[in-house]
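Enquirer: Pasting the sequence and the predicted model now:
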Amino acid sequence: VAECDEALRLGGMDPEVYYHLARAYRGLARPEDARKALERFSALRLQAGREVEGHREAARLMIQAKPLVAEGRLLAAIVLLEQAVSLDAKNPQVLFRLAGLYYDTRQFHRARQEVLAAIDLAPSEYLYHYLSGLIEQDSGKLNAARTSFETAIRLNPSAAESFNQLGNLAISRRSF
């Protein structure tokens with residue numbers, strides 16, 4: 001019981017911890033505590049199952065959106081990816097792709113929100129910073145764009161497109 005309590009105290013959310021805790025309580029003849037631990041185990045298992053199903057459905061929606069993008073039906077693809085985000089909000093790839101579609105449809109505020117959420121989840125992915133730079137550049141926020149492009153270059157020194165965009169910024173600002 002002490003080891004399971006310590007695992008939970010340290011942030012363990014694995015349903016199996018509650019299962020083992022229930023078994024320990026049963027062995028100690030504490031049926032009420034065992035029942036509560038089993039209820040928590042069941043709730044966490046159910047939640048984990050829903051999350052897995054949400055990930056699968058979000059992946060399916062991303063696959064469905066791809067041909068829509070190829071056909072130029074960006075608004076229809078946005079609808080699918082918004083659904084995917086609602087099912088899997090912690091998936092940086094889904095957020096990034098939605099941000100890209102918002103960018104392509106010139107919805108810069110929404111694009112910025114999604115790409116920043118993707119960056120929060122995966123700060124070392126240079127493409128997310130590159131997209132952020134494009135969004136800021138087209139929004140007229142040139143200092144923020146420069147910072148994003150420079151971050152993308154630090155993360156991937158061979159990212160030629162980021163160097164090109166920095167060059168375009170310098171030319172547009174006449175600071176070369």
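Expert: That came through, no problem. Source: prediction; values computed, not measured.
Enquirer: Sort out which residues of stretch 68-81 are buried, please.
Expert: By neighbour count, and taking 16 or more other CB atoms under 10 Å as the criterion, the buried residues in stretch 68-81 are 68, 69, 74, 77, 78, 80, 81. For every residue, glycine as well, the C-beta is placed using N, CA and C.
Enquirer: can you put these in a markdown table and add distance to residue 61?
Expert: Rendered in a markdown table, the data for the buried residues of stretch 68-81 read as follows (distance: CB to CB, whole Å):
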| residue | distance to residue 61 |
| --- | --- |
| 68 | 11 |
| 69 | 13 |
| 74 | 15 |
| 77 | 10 |
| 78 | 11 |
| 80 | 5 |
| 81 | 7 |
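Enquirer: Let me have these in TSV, extended by pLDDT and distance to residue 37.
Expert: What follows is these, written out as TSV (pLDDT from 0 to 100; distance: CB to CB, whole Å):
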residue	pLDDT	distance to residue 37
68	95	47
69	94	47
74	96	49
77	96	45
78	97	44
80	96	40
81	96	39
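Enquirer: Restrict stretch 154-167 to CA atoms and write it as CSV.
Expert: Provided in CSV are the C-alpha atoms of stretch 154-167 (Å, rounded to 0.1, in the frame of the first residue of the first chain):
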residue,chain,number,x,y,z
ARG,A,154,19.1,26.7,-34.5
LEU,A,155,17.0,23.5,-34.4
ASN,A,156,17.9,22.5,-38.0
PRO,A,157,20.9,24.3,-39.4
SER,A,158,20.3,22.8,-42.8
ALA,A,159,16.8,24.3,-43.1
ALA,A,160,17.4,26.3,-46.3
GLU,A,161,13.8,27.6,-46.4
SER,A,162,14.4,29.3,-43.0
PHE,A,163,17.5,30.9,-44.2
ASN,A,164,15.7,32.1,-47.3
GLN,A,165,12.9,33.6,-45.2
LEU,A,166,15.5,35.4,-43.0
GLY,A,167,17.0,36.8,-46.2
